[in-house]
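K.L.:
sequence and predicted structure are below.
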Amino acid sequence: MGRITNNRTEVYQEITGQMIAMIEASTRPWSKSWNGSTAPNVSLPSNGAPYRGINSLTLWIAAMTKC
């Protein structure tokens with residue numbers, strides 16, 4: 001159980017670090033460039049269920065860094 005907790009903590013730290021780097025690299029003042037009601041809802045291709053939690057953040061960061 002300890003190893004799973006460590007891996008999860010490392011993933012959260014990595015995602016947090018990426019988000020901070022993106023915020024620091026952006027222009028100021030920051031403003032939300034999207035409307036929450038129109039935000040993309042990415043779903044699993046196998047069953048159509050929406051991604052949840054850290055999976056959503058990981059996908060958004062990956063998409064933003066490729067633009």
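P.N.:
In hand now; what should we look at?
K.L.:
low-confidence ranges, this protein, go.
P.N.:
1-4, 27, 30, 33-40, 67 (pLDDT under 70).
K.L.:
spatially central residue in it, please.
P.N.:
For the chain, the residue lying nearest the average C-alpha position, counting by Cα atoms, centre = their mean, turns out to be Leu57 (1.5 Å).
K.L.:
which of the three states applies to that residue?
P.N.:
helix (DSSP: H, G, I helix; E, B strand; the rest coil).
K.L.:
how far away is it from Pro29?
P.N.:
Leu57 sits 23 Å away from Pro29, taking Cβ to Cβ, to the nearest Å as the criterion. Every residue, glycine included, has its C-beta placed from N, CA and C.
K.L.:
give me the nearest residue to the residue nearest to the centre of the chain, chain neighbours excluded.
P.N.:
The shortest distance from Leu57 to any residue that is not its chain neighbour, by Cβ to Cβ, 6 or more residues apart in numbering, is 5.5 Å, and that residue is Ile15.
K.L.:
what about the one you found, which helix or strand?
P.N.:
Using DSSP states H and E, the secondary-structure element containing Ile15 is helix 2-25.
K.L.:
other residues contacting that helix?
P.N.:
Taking contacts as Cβ atoms under 8 Å, 6 or more residues apart in numbering, the residues outside helix 2-25 that touch it are 30, 54, 57-58, 61, 64-65.
K.L.:
could you identify the most distant pair in these?
P.N.:
Greatest spatial distance in those: Trp30 and Ile54, 22.0 Å, computed using Cβ to Cβ.
K.L.:
between those two, which is the more surrounded one?
P.N.:
When Trp30 and Ile54 are compared on other Cβ atoms under 10 Å, the one with more neighbours turns out to be Ile54, at 12 against 8.
K.L.:
could you measure the more buried one against Thr65, distance?
P.N.:
Distance of Ile54 to Thr65, given as Cβ to Cβ: 16 Å.
K.L.:
got it, and Arg8?
P.N.:
As for Arg8, its distance to Thr65 is 22 Å (criterion: Cβ to Cβ).
K.L.:
same check, this time on Ile20
P.N.:
Looking at Ile20 against Thr65, where the rule is Cβ to Cβ, the gap reads 14 Å.
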